[in-house]
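>>> One predicted model, sequence on top.
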Amino acid sequence: MVVHFYHKKGFIMTGTKFVSGFLKLSVGVLLAVAIPAFGVESLQAQSRLSGDQRLSPNWGNYRPPSNLGRPEGREGGGSRGPCIAETSPTIHNPIALVPVNGFGTTLAARPTFFVYVPTINPGETPQIQFVLRSADNRFVYKTTFSTIPSPGIVSFSLPERANSPILELGKTYNWTFTLVCNPNEDDRSGNQLAAGSIQRIAPPSRMVSELAQATSPQDKVAVYAKYGIWYDALGAIANLRRTADNPALQNDWLALLTSVDLQKIANQPLIQPLSARETQIRPVSRP
């Protein structure tokens, strides 16, 4: 089923997809949408669908904004970093949890970013450096994490502090997670980088209404998925998985990552959010 999303700034997304599970317990069904003429079923109707009535959309068909430039890869380079253990030939570098072309949208001023961290060699003490830049490559935010649990999927949200930057509506940003294997050495040739891009958009009025009508976190996930809001759908289902050990949630997590060709890391542990050791901030926008 195909979605055509015409953003008021001229941004177009097509072919948005997501595989849903039991709506009452997990992620909802993505329905056909045409904005401003939606013609969608209600959330109540969606909730009656069984786990066998699934759609298989493709989040990778987003068309990124023309000013985005050439994005970095969502997965680290072909060579294994010197601090990474030889555990698997297919997942031996960091991987950003983003659609295939690296781009996704959010409604959040301070969104959450996810990255897979591979197994680190015993005795190694690498760091992860997170950097957020504007589309024109202006530095927005930087932070370093000194303790890295691995292997697993970690997350980081822009902090809720008075001097912390927010994403501006309609603006696109590029972000990177860099695994720094030897933080105390000048040679950074072994660093591994995973990257993505993000744009904050304003929700259409119909979506605002459906979010207000949602009676559970699972229903909100369904709304995010239906309107193709990648980062918010991913973050919401991740939060549900952290608080509930439910096979249906695991199945829908697998379906979501498979829809963007990340099935190889879907069964990796979902680790608690990272805490920054030190932070440097140069705000582009504040609330």
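Sure, I can see it.

>>> For Ala96, see how far away Val154 is.
11 Å (Cβ to Cβ, to the nearest Å). For every residue, glycine as well, the C-beta is placed using N, CA and C.

>>> First-to-last residue distance for stretch 132-149?
Taking Cα to Cα, to the nearest Å, stretch 132-149 runs 22 Å from one end to the other.

>>> So in this protein, where's the weakest helix or strand by average pLDDT?
Here the helix or strand of the chain ranked lowest by mean pLDDT, DSSP states H and E is helix 43-46, holding a mean of 34.

>>> Could you point out the helix or strand that follows that helix?
Using DSSP states H and E, the helix or strand that follows helix 43-46 towards the C-terminus is strand 95-96.

>>> What's the mean pLDDT across that following strand?
For strand 95-96, mean pLDDT is 95.

>>> can you pull the buried residues of the top helix by length along the chain?
Counting residues, the longest helix found in the chain (DSSP state H) is helix 230-243. Buried residues in helix 230-243, defined by neighbour count with 16 or more other Cβ atoms under 10 Å: 230-241.

>>> In CSV: those residues, plus distance to Phe113 and pLDDT.
Output for the buried residues of helix 230-243, formatted as CSV (distance: Cβ to Cβ, whole Å; pLDDT from 0 to 100):
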residue, distance to Phe113, pLDDT
Trp230, 11, 93
Tyr231, 8, 96
Asp232, 12, 95
Ala233, 14, 92
Leu234, 10, 94
Gly235, 9, 95
Ala236, 14, 92
Ile237, 15, 91
Ala238, 11, 94
Asn239, 14, 92
Leu240, 18, 91
Arg241, 17, 89
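
>>> So what sits opposite Phe139 in the bridge?
Arg133 (DSSP bridges).

>>> shared neighbours of Val154 and Ala96, anything?
114-115 (Cβ atoms under 8 Å, 6 or more residues apart in numbering).

>>> mind listing the helices for the stretch 101-250 of the chain?
Along the stretch 101-250 of the chain, counting by DSSP state H, counting those that start in this stretch, helices occupy 205-213, 217-226, 230-243, 247-258.

>>> Pull the number of nearby residues for the residue nearest to Val140 when sequence neighbours are not counted.
Spatially, and ignoring its direct neighbours in sequence, Val140 is nearest to Leu132 (4.5 Å; Cβ to Cβ, 6 or more residues apart in numbering). Number of residues near Leu132 (other Cβ atoms under 10 Å) recorded here: 22.

>>> Over to Lys142?
That count, for Lys142 with other Cβ under 10 Å as the rule, works out to 17.

>>> and what of Asp186?
5.

>>> dump the residue contacts of it.
Taking Cβ under 8 Å, 6+ apart as the definition, Asp186 has no contacts.

>>> Distance of it relative to Phe156?
26 Å.

>>> now do Ala108
13 Å.

>>> Looking only at neighbour counts, state which of the two leads.
Ranked by neighbour count (other Cβ under 10 Å), Ala108 and Phe156 place Phe156 first, with 20 against 16.
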